[in-house]
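1. let's see this in three dimensions:
(one chain, ligands or ions: 1)
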Amino acid sequence: MMPRMGYRLFRPCSWALRQRNSYFLVLLTLLVLITALYILSSLEMSPRTFSTHSTAKTLDAKTLEPPKTHQPKRKSTKTTPRRREDRVLFVASSNPYKETLKQSVSTLLQGHRLNVVVRWAKNVAEDPESLARYAAVIFEGSDLYSRYLKYVEGRSIGIVVFPNSNPLRRVASVEFLPKTNSAFIVKTTNSTALRILKANHKINLKSEIAPLKFISSKSDFELLANGLLSSGDYVPVAMAAKSVAFLGCTSMTSWFWKTLLLDVLYHVTSGALGFSLRRRILIDIDDIFVAPYGTKIKPDDVTAMINFQDRMRKRIPGFKFNLGFSANFYEKSSVDLEIEGDREIVKEAHHFWWFGHIFSHGQAHTYKSAEKLEEQMQKNLEFSKKHNISVGGTHYSVAPHHSGVYPVYPLLYDTWKSVWQIEVTTTEEYPHLRPDYKRRGFVYRGIKVLPRQTCTLYTKTYTFATYPGGKTRFHDTVRGELFNTILNTPISIFMTHVGNYGNDRLSLRLFEEAFGFIHAHTNLQLSTVPPKQLAEEYFRLFPKEATLPLWTNPCDDPRHKEIWATPVDCSQFPDFVVVGPQKTGTTALHSFLRLHPRIKSNANHPKHFEELQFFHSSDYEKGVEYYMSFFPRKNSGDVVSVFEKSATYFDSSVTPERMLQLLPKAKIIVILSDPGRRAYSWYQHQRAHNIEAALENSFSQVLKANRSCPSKACSLRERCLVPGLYAEHLERWLNYYDPSKIYLIDGNQLVDAPIEVMNSLQKYLGVPLVDYDTLIRYDEEKGFYCEARDVTRTKCLGTGKGRKYPELDDESSKYVASYYREPNNKLRELLTKRNWPIPNWLE
Ligand code: A3P
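-> As a prediction, the model looks like this:
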């Protein structure tokens with residue numbers, strides 16, 4: 001399928017032309033004309049097939065999603081049965097000089113929410129077939145490309161190459177890209193290299209898919225990058241290619257390379273990777289009355305803001321500022337004109353959107369009662385009514401210092417809803433302030449929380465003269481940080497402060513320059529809609545985020561700790577978690593661990609006793625404080641290690657990710673016993689609990705219950721068999737936790753030789769060693785090891801653990817053996833690969 005030509009971020013510019021002085025311009029035009037004539041005389045020109053404006057209009061005008069036709073229809077290949085993922089693989093050479101390229105490319109792609117994986121060449125060599133799993137592969141070096149070409153060629157995989165540029169001449173002589181469907185983007189002054197390249201690739205600019213027009217000198221490149229050179233066919237040819245080489249590009253630092261690379265990736269994957277060209281922009285002025293006296297807005301500034309809106313609306317449909325207010329600061333200034341400024345903006349309120357803050361601009365988490373918080377919001381509401389400020393439409397608010405939004409303070413959410421009918425808010429703090437491109441949205445108590453962006457102007461930046469880093473840094477911001485944010489983020493809600501709208505109106509200056517630059521150099525289409533609509537669009541675009549936040553540990557982020565509602569004791573988190581699976585001896589392990597004098601576990605849960613089952617249950621919504629409340633403080637007494645055991649975690653799909661976010665340093669303990677035996681034990685457990693399906697069906701009947709799903713017997717079958725697919729579940733844990741954090745215990749060994757198991761486990765956990773020989777003893781009657789109370793007495797687990805029931809029948813035994821044959825082979829493979837010991841029952 002041919003990719004859609006209309007999609008193109010990069011836009012050759014005529015706008016910047018007008019910004020330069022005309023003398024320079026005339027000279028330049030002459031220069032360009034001469035160059036063009038020279039090129040024309042030496043090469044055949046390709047027909048100009050693409051028009052930036054007309055093609056850009058083919059994009060879906062109503063939504064932010066790329067038009068459906070952009071979605072790739074990938075050919076299925078018989079040779080690559082594995083699942084294709086919409087991920088980009090960066091195959092990194094081991095050359096340390098290439099660190100900049102690797103890092104800058106992966107930062108750019110992550111910023112653009114592309115799922116990028118960086119792998120060293122030597123790791124790819126172990127499994128080159130895995131290349132076929134990616135939507136696009138970027139090779140660092142033409143040698144790597146040549147080596148792995150056969151694994152990606154003809155498989156609908158987008159290919160990007162950054163050939164080693166030194167020496168370019170040598171690179172140019174290598175036939176590293178196929179002659180069809182390929183393009184080069186060249187930045188070089190090396191004419192010999194270009195000559196070789198042209199000769200080797202028999203460039204025919206007439207063909208539809210031709211090498212990109214060479215940018216043959218540094219100055220040409222700079223002119224193009226500055227938008228001073230009409231680029232004609234530079235980019236479209238690259239857009240039609242399936243393989244693109246970037247010559248002479250060693251780092252993604254310039255906006256020019258960034259735009260081109262994103263464009264190229266979009267096109268080489270037929271639109272699978274990247275966003276549409278539409279970008280929503282909303283500029284909040286967080287607190288319109290709050291700034292130190294002498295820096296607040298005056299009546300003229302209000303006029304400038306209204307004029308700015310009118311001007312911007314020509315390029316940014318719907319553009320309007322969104323003003324937050326804390327009414328307690330209204331008309332408060334020692335400067336008369338600033339008091340006038342407050343009155344003026346209120347008089348002109350209808351030009352803007354408005355949202356209420358907390359009346360005294362206090363931090364939400366410091367209000368300990370609902371009444372106090374409510375009172376603050378009510379007062380602000382009364383102010384808006386008195387002054388005829390319409391706040392009803394936005395259903396939006398933000399919290400001073402993000403307090404209460406994240407980390408969440410439930411009282412804020414509830415009061416917002418009851419007083420202001422808030423449906424949308426924003427924060428920079430989820431999951432963390434930095435890196436900014438990893439900020440995400442979530443939904444909590446029915447309020448949609450969107451990520452919020454900064455624009456490099458903060459509460460204390462008031463004038464151009466005091467801008468940190470000066471004039472140069474200001475302009476760099478426009479092309480750098482601000483440009484990146486808008487390039488990479490389909491919906492940007494910027495935080496700005498009133499001080500930067502007074503004085504020399506730095507904010508207006510910054511955004512005018514940024515929007516002008518974007519308009520000049522890209523085909524991005526900016527527009528503004530009210531917050532409620534933005535939120536709807538955001539979660540349509542990123543539906544996976546329309547859920548609870550992944551709780552993070554407030555102690556891992558000083559900013560979060562500061563706005564935490566109650567004093568936090570960072571020791572109240574488990575150091576290790578026994579994750580199961582069920583029926584592998586988890587209760588026995590739990591009881592043995594509790595015999596250790598320096599190890600403590602959580603308090604009992606009202607429903608599931610020793611198991612909290614927090615991460616996958618509805619309790620998760622109750623949040624971090626709720627979870628912490630079950631654990632003892634380590635600081636008191638001589639506790640060295642705290643743990644939790646919930647056997648349901650092992651096969652829960654959501655738990656590993658959630659646990660990693662909250663307990664990134666935790667060690668994960670897994671018990672693996674024969675999965676067939678485990679399945680039978682679960683069945684017997686259900687019988688003992690009078691579960692209908694288990695009472696009415698023999699184990700063998702349950703195993704065969706697959707045809708009539710969903711039925712009680714069928715779901716029992718699932719619970720019997722699925723947790724035993726050990727490799728599958730372990731792989732999921734390994735997606736989140738480093739293998740060194742995962743410790744496997746052989747379930748059979750736990751039954752037969754628990755003293756050895758406990759001694760090794762203590763070493764792994766790094767706790768003071770106690771001799772378990774003195775703590776546990778084999779109990780003949782129970783047939784298991786039990787706590788040694790004294791020389792004669794033991795305390796064993798209850799009747800529900802180590803039950804007596806008939807042996808597994810032959811038919812079921814055969815069934816489970818065959819059911820687990822493949823999964824067990826996979827497990828063996830996985831364990832061998834990771835150098836983990838193979839349990840006895842698996843040998
Ligand atoms: P059975 O009751 O089917 O024999 P869990 O605690 O994870 O639910 O696992 C229960 C299983 O732990 C028991 O299954 C039993 O085989 C095993 N187990 C291992 N060590 C044990 C011990 N010391 N006492 C009792 N059961 C033990």
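2. sketch out the strands for the stretch 351-500 of the chain, chain order is fine.
-> In the stretch 351-500 of the chain, the strands defined using DSSP state E, counting those that start in this stretch lie at 353-356, 424-427, 442-444, 447-451, 453-454, 491-496.
3. could I get those strands as CSV with mean neighbour count and distance to residue 619?
-> Bear in mind the C-beta positions are built from the backbone N, C-alpha and C, glycine included. Output for the strands of the stretch 351-500 of the chain, formatted as CSV (neighbours: other CB atoms under 10 Å; distance: least, CB to CB, whole Å):
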stretch, mean neighbour count, distance to residue 619
strand 353-356, 24, 33
strand 424-427, 26, 24
strand 442-444, 19, 15
strand 447-451, 24, 20
strand 453-454, 20, 33
strand 491-496, 23, 32
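4. closest one to residue 468 among these?
-> Judged by CB to CB, the one of those that comes nearest to residue 468 is strand 453-454, at 13.0 Å.
5. mind listing what the residue in the stretch 601-750 of the chain that the ligand sits nearest to touches?
-> Taking CB to the nearest ligand atom as the measure, the point where the stretch 601-750 of the chain comes nearest the ligand is residue 681, at 3.2 Å. Taking CB atoms under 8 Å, 6 or more residues apart in numbering, we find residue 681 in contact with 583, 803.
6. the strands of the stretch 351-500 of the chain: which one's closest to the ligand?
-> Of all these, strand 442-444 comes closest under CB to the nearest ligand atom, at 33.5 Å.
7. how about the strands in the stretch 51-200 of the chain?
-> Using DSSP E, counting those that start in this stretch, strands in the stretch 51-200 of the chain cover 85-92, 115-120, 134-140, 158-162, 182-186.
8. strands paired with the first one, and their directions?
-> It refers to strand 85-92. Applying DSSP bridges, strand 85-92 is found paired with strand 115-120 (parallel), strand 134-140 (parallel).
9. wait, which of those is closest to residue 711?
-> Per CB to CB, nearest to residue 711 of those: strand 115-120, 38.1 Å.
10. list the contacts of the closest one.
-> In contact with strand 115-120 (CB under 8 Å, 6+ apart) are residues 85-92, 94, 102, 105-106, 109-110, 134.
11. again, only this time at 10 Å
-> With contacts defined as CB atoms under 10 Å, 6 or more residues apart in numbering, strand 115-120 is touched by 85-94, 102-103, 105-110, 125-127, 130-131, 133-138, 140, 265, 273.
12. for ChimeraX, what selects the buried ones among those?
-> To isolate the buried ones among the contacts of strand 115-120 in ChimeraX, judged by 16 or more other CB atoms under 10 Å, type:
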select :87,88,89,90,91,92,93,102,105,106,107,108,109,110,130,131,133,134,135,136,137,138,140,265,273
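13. distance from the longest helix along the chain to the middle of the chain?
-> Secondary structure of the chain per DSSP state H: the longest helix is helix 810-834. Centre-to-centre, helix 810-834 and its host chain are 35 Å apart (CA atoms, centre = their mean, to the nearest Å).
14. which elements pack onto it?
-> Applying 3 or more CB pairs under 10 Å, 6 or more residues apart in numbering; DSSP states H and E, one finds that helix 810-834 makes contact with helix 675-688, helix 699-703, helix 712-721, helix 726-734, strand 742-746.
15. between strand 491-496 and the helix or strand harbouring residue 512, find me the angle.
-> Using DSSP states H and E, residue 512 sits within helix 506-521. Relative orientation of helix 506-521 and strand 491-496, computed by axes from the mean of the first three to the mean of the last three CA atoms, to 10 degrees: 150 degrees.
16. residue 688 reaches residue 583, doesn't it?
-> No. Taking contacts as CB atoms under 10 Å, residue 688 lies outside contact range of residue 583: 11.8 Å.
17. comparing the two, which residue is more hemmed in?
-> Neighbour totals were compared for residue 688 and residue 583, and residue 583 leads with 25 against 13 (other CB atoms under 10 Å).
18. how confident was the prediction at that one?
-> Confidence at residue 583, expressed as pLDDT, is 98.
19. right, and it touches residue 720 too?
-> Yes. Applying CB under 10 Å as the test, residue 583 and residue 720 come out as touching, 9.4 Å apart.
20. need the residues touching each of the two.
-> Both residue 583 and residue 720 are contacted by 675, 678, 679, 680, 681, 682, 683, 685, under the criterion CB under 10 Å, 6+ apart.
21. could you export the residues you listed as TSV, including distance to residue 792?
-> Shown next, in TSV, are those (distance: CB to CB, whole Å):
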residue	distance to residue 792
675	38
678	33
679	37
680	34
681	30
682	35
683	36
685	31
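22. CSV please, covering these and showing distance to residue 347 and pLDDT.
-> Shown next, in CSV, are those (distance: CB to CB, whole Å; pLDDT from 0 to 100):
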residue, distance to residue 347, pLDDT
675, 74, 98
678, 74, 98
679, 74, 98
680, 79, 98
681, 76, 98
682, 72, 98
683, 76, 98
685, 73, 98
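23. between these, which is nearest residue 588?
-> For the shared contacts of residue 583 and residue 720, the closest approach to residue 588 (CB to CB) belongs to residue 681, at 12.5 Å.
24. ok, that closest one to residue 747 distance?
-> Residue 681 sits at a distance of 10 Å from residue 747 (criterion: CB to CB, to the nearest Å).
25. list residues touching both of these two?
-> Shared contacts of residue 681 and residue 747, defined by CB under 10 Å, 6+ apart, are found at 583, 584, 585, 673, 674.
26. ok, and the most crowded of the residues you listed?
-> residue 584 (30 neighbours).
27. and residue 593, what does it touch?
-> 576, 578, 599-601, 641, 643, 645, 669, 758, 761-762, 765, 767.
28. ok, 6 Å please
-> Listed by CB atoms under 6 Å, 6 or more residues apart in numbering, the contact set of residue 593 reads residue 599.
29. name the helix or strand for it, please.
-> Assigned by DSSP H and E, residue 593 falls within helix 586-594.
30. do a quick rundown of the strands in the stretch 201-350 of the chain.
-> With DSSP E, counting those that start in this stretch as the criterion, the stretch 201-350 of the chain has strands at 243-247, 278-285, 321-325.
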